[in-house]
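Novice: Need a 3D model of the following:
(2 chains)
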Amino acid sequence: MYTLPSKLKFFAIILMVIGALGIVTGFLSTPSNTEEVKEILASSHDDGHQVEATHTESYDSQSHDENTHHDDSHYEHVLHQLQNRPWSSLYIASFLFFMISLGVLAFYAIQIASQAGWSPVLFRVMEGITSYLIPGGIIMLILIGLSAFHFNHLFVWADPEVVAHDKIIQGKSGWLNSWGVLVRAIIFIGGWVAYRQISLKLSRKQDEATDGKWFKKSFKISAGFLVFFIYTESVMSWDWLMSFDPHWFSTLFGWYVFAGMVVCGITTIALVTITLKAQGYLEYVNDSHIHDLAKFMFGFSIFWTYLWFSQFMLIWYANIPEEVTYFVTRIEDFKLPFFGMVVLNFIFPILVLMNSDYKRVNWFVIISGIVIIIGHYVDLFVMVMPGTVGTSWYFGISELSSVIFFLGLFIYVVFTALTKAPLLAKGNPFLKESKNFHY
Amino acid sequence: MASKVIHALYSDDDILLQAVKKVREKHYHIEEVYTPFPVHGLEKAMGLADTRIAITSFLYGLVGLSVAVWMMNFIMIQDWPQDIGGKPSFSYLENMPAFVPVMFELTVFFAAHLMVITFYMRSRLWPFKKAENPDVRTTDDHFLMVIDTENNDVEKASSFLIETGATEVSLIDKKDDH
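Specialist: A predicted model of the protein is given here:
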């Protein structure tokens, strides 16, 4: 049995406290009226903060010619963007860690449904990581509920005033409405959590079993879950991420989000496994298992890039105004994160993890894993921020402390869950093969 | 020059693998092992150096990538600029996304084909090559270990090989013409 080191627990709690303080600071420091926005813009002018500076400059040159009405509406626009910022940061960080546990859940289901022989020694690690699905899912539900009912302004389509003047959103409102999104979110999260709880129970029961009865049951349920998952995951990505730009759509968006989710999940399995090994547990996990995880990290990084590029190239080539606006915004206002994430998510992993020997060196896997997760944070940032914060984006206290808070929560929940059961799923019929696995 | 070699035949891959380990422990020199199928772990047991084909594959991939960049630049930008979908056709960089699939395909194409050809050359396989296989049974269900006699006592070596599980041991004159 695993016991949670008090240092790790303390570390996780410190992260949560610091993160929570930062989140509150972020919310308190948002401007509440246009006067404060003017001050912020003026001071950021002095700092030479590029994005906002150029923004105000271009605005300044315009404002001389145009009337004062435009003046106010512009500041109001920036005010809404700045008010969205702490919400968006919270949303991105919350989704990042939720998506990690969901990716691990899907990977776990694939392992069982494919009767994989190499991975059963890692099952308890995966089950530990998916335990975050419950707290993470509840937080996501709250955030989605608040956004869908226009408590904050994250979803443009949730604003009745905007919808009244927007034919395109009106046309989509049969699907994209507050109750629809919330009810679907409840069904999806409910379904995922239900599978997680059932498969966990079956896995524990299998520990004591003399035959493969519970594993067979788990196999059937996992296969069914994968069908449920791939539909719900796709719809979830439209509801939770694509709807930040409600005019725009992409048919491979679900796959794109899925690729990012799975690569983050596998990376986290590798990171947690290496951490546990460093603490002296998981003695039956050898470097061939790490090697295989690193291969998956490498492969899914390329898969993610493939989808990222496929989405980009088709839209770039066709150049249809209503589609291409998505990338025009991102390349004009988010140039560094937009292209930076391709470096983090593709070029770095492909160069570091290409060599077969490096995949078995733990610190190589850790470094590339951390880079991959940062890269996918940036990926989410570029999905969410342009639709909510626009040109007023910045990586500051709100963003950083949201990540720190959810990282702390994630570490706390996952490592606490790991103490709940033996780290070896000893009843699994493929356990011997997994223990003897070598490359 | 050692003109004689010992041929030891085995009928099972596990026994062969154990035998290879034992023979190497006794410091006999294994010249070659012929098997009807790849035996997992055999190259490690024989102490062969790791393959370098992955490195050549990487380099060939780079060659393919460069050829693709050069080729698309020549075809689409220099030689006969074309207006496709209203894209400006006089700049490679601005058209680059359209060429990425070609770059990818040629990288894979070069890496794969040149790697296979390299493998054939390195294994000294080319068209009309006469088979080097010393015993046709190794193409069916037998495994053959070829051991240098060097200055070893052939009798002792043979009885040792039979101990390791060889079903048949014979002394063969080495042909130098291949």
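Novice: Can you classify the closest residue to A:Trp118 other than its chain neighbours as helix, strand or coil?
Specialist: Closest residue to A:Trp118 apart from its sequence neighbours, by C-beta to C-beta, 6 or more residues apart in numbering or on different chains: A:Phe437 at 4.7 Å. Glycine gets a C-beta too; all of them are placed from N, C-alpha and C. Assigned by DSSP: H, G, I helix; E, B strand; the rest coil, the conformation of A:Phe437 is coil.
Novice: Run through the residues that contact A:Phe437.
Specialist: The neighbours of A:Phe437, taking C-beta atoms under 8 Å, 6 or more residues apart in numbering or on different chains as the test, are A:Gly117, A:Trp118, A:Val121, A:Asn286, A:Ser288, A:His289, A:Asp292.
Novice: swap in A:Pro349?
Specialist: Going by C-beta under 8 Å, 6+ apart, the list of residues near A:Pro349 reads A:Met297, A:Phe298, A:Ser301, A:Ser368, A:Val371, A:Ile372.
Novice: how about the helices in the stretch 1-150 of chain A?
Specialist: For the stretch 1-150 of chain A, applying DSSP state H, counting those that start in this stretch gives helices covering A:6-28, A:34-47, A:50-63, A:68-113, A:123-130, A:133-148.
Novice: between those helices, which gets the lowest average pLDDT?
Specialist: Looking at the helices of the stretch 1-150 of chain A, the lowest mean pLDDT belongs to helix A:50-63 (a mean of 44).
Novice: in stretch A:358-366, what's buried?
Specialist: A:Tyr358, A:Lys359, A:Arg360, A:Val361, A:Asn362, A:Phe364, A:Val365, A:Ile366 (16 or more other C-beta atoms under 10 Å in any protein chain shown).
Novice: Got the phi and psi for the nearest residue to A:Ala209 once chain neighbours are set aside?
Specialist: Among residues not flanking A:Ala209 along the chain, A:Gly427 sits closest, at 5.2 Å (C-beta to C-beta, 6+ apart). Backbone torsions of A:Gly427, given as degrees, to the nearest 10, read phi -90, psi -10.
Novice: Then B:Ser170?
Specialist: Dihedral angles for B:Ser170 - degrees, to the nearest 10 - are phi -140, psi 150.
Novice: mind checking pLDDT for it?
Specialist: For B:Ser170, the predicted pLDDT is 88.
Novice: Repeat that for B:Lys175.
Specialist: The per-residue pLDDT of B:Lys175 was computed as 63.
Novice: Repeat that for A:Val162.
Specialist: Per-residue pLDDT puts A:Val162 at 89.
Novice: what do you get for the one 4 residues further on?
Specialist: According to the model's per-residue confidence, A:Asp166 sits at a pLDDT of 91.
Novice: contacting residues for residue 88?
Specialist: All of this is about chain A. Counting by C-beta under 8 Å, 6+ apart, the residues that A:Ser88 touches are A:Leu154, A:Val384, A:Met385, A:Thr388, A:Val389.
Novice: that answer is for a different chain, and I need it for chain B
Specialist: The neighbours of B:Pro88, taking C-beta under 8 Å, 6+ apart as the test, are B:Glu94, B:Asn95.
Novice: Provide the secondary structure category for it.
Specialist: coil.
Novice: Just want the most central residue of the chain.
Specialist: All of this is about chain A. Central residue check for chain A by C-alpha atoms, centre = their mean: the C-alpha nearest the mean position is that of A:Leu96, 2.4 Å away.
Novice: other chain: chain B
Specialist: Centroid-nearest residue in chain B: B:Phe119, 4.8 Å away (criterion: C-alpha atoms, centre = their mean).
Novice: secondary structure class for it?
Specialist: Classification of B:Phe119 using three-state DSSP returns helix.
Novice: State the pLDDT value of it.
Specialist: Listed pLDDT for B:Phe119 reads 93.
Novice: isn't it right next to B:Thr56, touching?
Specialist: No. Assessed by C-beta atoms under 8 Å, B:Phe119 is found out of contact with B:Thr56, at 9.0 Å.
Novice: what's the neighbour count on residue 157?
Specialist: Unless you meant another one, I'm taking chain A. Residues contacting A:Trp157 under the criterion other C-beta atoms under 10 Å in any protein chain shown number 25.
Novice: I was after chain B.
Specialist: 21.
Novice: any weak-confidence spans in the chain?
Specialist: Since you didn't name a chain, this refers to chain A. A:44-71 (pLDDT under 70).
Novice: Oops, wrong one, chain B.
Specialist: Scanning chain B for pLDDT under 70 picks out the ranges B:1-2, B:175-178.
Novice: Tell me the residues on it that lie near chain A, please.
Specialist: Contact residues (C-beta under 8 Å from any C-beta of the partner chain) of chain B with chain A: B:Ala54, B:Phe58, B:Gly85, B:Gly86, B:Lys87, B:Pro97, B:Ala98, B:Val100, B:Pro101.
Novice: Any quick PyMOL command for the buried ones out of those?
Specialist: Remark: buried members of these, expressed as a PyMOL selection using 16+ other C-beta under 10 Å:
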select buried, chain B and resi 87+98
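Novice: Looking at the residues of chain B next to chain A, spot the one nearest A:Asp239.
Specialist: When the residues of chain B next to chain A are ranked by distance to A:Asp239 (C-beta to C-beta), B:Pro97 comes first, at 29.1 Å.
Novice: Thank you, goodbye.
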